[in-house]
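Visitor: give me a 3D structure for the following:
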Amino acid sequence: MTMSMGGSSVLKMLLIVLLLVVILYGFNRYIYEPNQVQIRTKQQELSRLSSSLLHIRKTVEDLPRVKAELENLQREWQDLEKLIPPTENVTDVIHFVSQAERQSGVFIISIEPQPTQGKDLYTENPYRLQIEGSYHNFARFLTALSELQRIVNVSEMNLSMNPETLSDDDIISITCLLTSYTALRKAG
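Guide: Numbering: from 1, shown residues only. Next up is the predicted model:
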């Protein structure tokens, strides 16, 4: 009977061990492993969010520099718009040509607007000019135009004078094409 009791206690021990193995297996399979997967997923999400937060903090710290850079770029843009304005104002063109005329001592006989020519990024606004003055005064006129706060181009110059006189102060007649530019606004 001791054997049967001994066998029965071994059997009980085996059942207890088997029960513990089943419990441990079930715990590992249905509780521990899913929690480990969830923990790894949460750690990856935490790492991604931490990286994103670090990037946002750096951006926020850099904000004053970016604002200053934006203000500087806006000032530069305003300066550039003076060189190539968004619209053509014929009155302004006549004003700056008249200003160059007064500074140089030439006489503008006529200013005739010509058809505009659209390009990719700008529009050319040509004006046919007829000018009278000395050769040196015409050079001063061109210099005055080059000092304007606006981009202009002088081309197709035709100079004529009385061939019998050769003095530097003789009046010459000049026809030329003065072109101002306006910026095209792209639909955005």
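Visitor: any idea which element the spatially most central residue of the chain lies in?
Guide: Computing the C-alpha centroid of the chain and ranking residues by C-alpha atoms, centre = their mean puts Leu73 first, at 8.7 Å. Using DSSP states H and E, Leu73 maps to helix 33-83.
Visitor: show me where pLDDT drops low in this protein?
Guide: Within the chain, the stretches with pLDDT under 70 are 1-6, 162-169, 185-188.
Visitor: at 50 instead, please
Guide: 1-2, 188 (pLDDT under 50).
Visitor: domain assignment for it?
Guide: 1-83, 90-183 (automatic domain parsing).
Visitor: how about the helices of the protein, start to end?
Guide: Here the chain has its helices, by DSSP state H, at 2-27, 33-83, 90-104, 135-146.
Visitor: turn those into a markdown table, including distance to Met157.
Guide: (Each C-beta comes from the backbone N, C-alpha and C, glycine too.) Below are the helices of the chain laid out as a markdown table (distance: least, C-beta to C-beta, whole Å):
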| stretch | distance to Met157 |
| --- | --- |
| helix 2-27 | 97 |
| helix 33-83 | 23 |
| helix 90-104 | 15 |
| helix 135-146 | 9 |
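Visitor: and among those helices, the most buried is which?
Guide: Counting by mean count of other C-beta atoms under 10 Å, helix 135-146 has the highest mean neighbour count of these, with a mean of 17.
Visitor: that helix packs against which elements?
Guide: In terms of contacts (3 or more C-beta pairs under 8 Å, 6 or more residues apart in numbering; DSSP states H and E), helix 135-146 is packed against helix 90-104, strand 122-133, strand 152-160, strand 172-183.
Visitor: of all the ones you listed, which lies closest to Gln78?
Guide: Gln78 lies closest, by C-beta to C-beta, to one member of these: strand 172-183, at 12.5 Å.
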